[in-house]
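S.K.: Quick one, fold the following:
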Amino acid sequence: MDLLLCYEDEGVYVNTYGKVIKDIVLQWGEMPTSVAYIGTGQIMGWGQKAIEIRSVETGHLDGVFMHKRAQRLKFLCERNDKVFFASTRSGSSSQVYFMTLNKIQW
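M.R.: The predicted structure is shown next:
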């Protein structure tokens, strides 16, 4: 089993014994408060001001969604090429957003 261990602004892949298993270090633009794997072979990391989308295999930054309150956005689910997340506001209504992901072929 591969695990993504995230700390501060970096992430590494380890096995269940804690040994680094991939020669990849994910360098986040800012420390993510949460991370989600999505089926397009990408990882989404939620930070204070942005959501970063990175390649699982290379760690390459595939895209950034800037938001002034990204820390209040919560991952809901993934369906086909869309990722759904919701804003959370205490005591008021919430909004659901989605992002369409297109895998770029080089």
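
S.K.: So, low pLDDT: which residues of the chain?
M.R.: The model of the chain has pLDDT under 70 over residues 69-71, 89-91, 102-106.

S.K.: Skip the chain neighbours and tell me the closest residue to residue 97.
M.R.: Excluding its sequence neighbours, the residue lying closest to residue 97 (CB to CB, 6 or more residues apart in numbering) is residue 85, at 5.6 Å. For glycine as for every other residue, the C-beta is placed from the backbone atoms N, C-alpha and C.

S.K.: hmm, I was thinking of residue 15
M.R.: Nearest to residue 15 is residue 21, by CB to CB, 6+ apart, at 5.1 Å.

S.K.: Also residue 60?
M.R.: Nearest non-adjacent residue to residue 60 (CB to CB, 6+ apart): residue 54, at 6.5 Å.

S.K.: Contact partners for that neighbour?
M.R.: Applying CB atoms under 8 Å, 6 or more residues apart in numbering to residue 54 gives the contacts 26, 42-45, 60-62.

S.K.: Which of those fall in strands?
M.R.: Judged by DSSP state E, the subset of the contacts of residue 54 located in strands is 26, 42-45, 61-62.

S.K.: ok, so of those residues, who is nearest residue 14?
M.R.: Nearest to residue 14 among those, counting by CB to CB, is residue 26 at 12.4 Å.

S.K.: Please verify my assumption that that closest one contacts residue 59.
M.R.: Yes. Between residue 26 and residue 59 there is a contact under CB atoms under 8 Å: 4.5 Å.

S.K.: Give the residues shared as contacts by those two.
M.R.: Common neighbours of residue 26 and residue 59 (CB under 8 Å, 6+ apart) are residue 11.

S.K.: Can you tell me who the residue nearest to residue 97 pairs with across the strands?
M.R.: residue 75, residue 97 (DSSP bridges).

S.K.: now it: how far from residue 27?
M.R.: Note on residue 85: its distance to residue 27, by CB to CB, to the nearest Å, is 23 Å.

S.K.: try residue 19
M.R.: 21 Å.

S.K.: ok, now residue 39?
M.R.: For residue 39 relative to residue 27 (CB to CB), the value is 23 Å.
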